[in-house]
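> Sharing a model that was predicted from the sequence below.
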Amino acid sequence: MVDKNYIDDKFRELEEKLSQFSSILEKFGLDLITKLGQTNLKLNKLTDKVNDLSQATLDIKSMKPQLNTVIESQRQLRKDLELIQNLVQNVKTISKDDDKELGTIKREKVATDVKLGIIKQFNDLKDQISSISDPQTLVKPLGKIKEEIFEFTGGHRINYEISQVINRLNSIKSFSDPFDKNDPDSTAFDKYLQERITFWINKLDVKD
């Protein structure tokens, strides 16, 4: 015969285990419901984002013709700017070439005018020698010619020779005196000076 107390103990144990199992099942259910709720919320948010992305895609597609127009306009603007830049560069190049050419022509003309002016002064001086009585009157015009030759050539042997002539002019009394004071038989000063002026003109005339 089964002991009643034993059966009661077993029944209580079973009730306790069923109660524990029920608590565990209840907790699991609550956790599952919570997780499902969170998952559903995330799915809803993700669905909203997908919808927003779809709408943005549609908006971008609708803007494609406008974007194409903007891109084409930018390309055309770039071409126009390149054309303008090339034109400006060409104008600058032409202007520089013209300025350079004009500057060269102007400098050449000025140099030619200066040289012709010096040659004219030499010829005038050569013609006046025979009619001048005082040798000292040649010092100033020769000094002026010397300065102009220096400015024209930047330095020339003619300047040294003119300096020698000026030094000799300061020591002679008349044009009939010999140019070389140490050689009484040397060429008279007036003839020597006329010959040197002819020589100087030739030297300047061949200068580029």
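Received the coordinates, thanks.
> Considering helices and strands only, name the one in the protein with the lowest mean pLDDT.
For the chain, using mean pLDDT, DSSP states H and E, the weakest element among its helices and strands is helix 4-128, scoring a mean of 72.
> Against which helices or strands is that one packed?
On a contact count with 3 or more Cβ pairs under 8 Å, 6 or more residues apart in numbering; DSSP states H and E, helix 4-128 meets helix 139-153, helix 189-205. C-beta here means a position set from N, CA and C on the backbone, and glycine is covered the same way.
> how about these, which one is nearest L30?
helix 139-153 (111.9 Å; Cβ to Cβ).
> how about that closest one: buried residues?
Neighbour-count burial for helix 139-153, counted by 16 or more other Cβ atoms under 10 Å, picks out 142, 145-146, 149, 152-153.
> what's the angle between it and helix 189-205?
Put simply, helix 139-153 runs at 20 degrees to helix 189-205, going by axes from the mean of the first three to the mean of the last three Cα atoms, to 10 degrees.
> Show me what helix 139-153 is packed up against.
When contacts are defined as 3+ Cβ pairs under 8 Å, 6+ apart, helix 139-153 sits against helix 4-128, helix 157-169.
> Select, out of the ones you listed, the one closest to D180.
helix 157-169 (8.8 Å).
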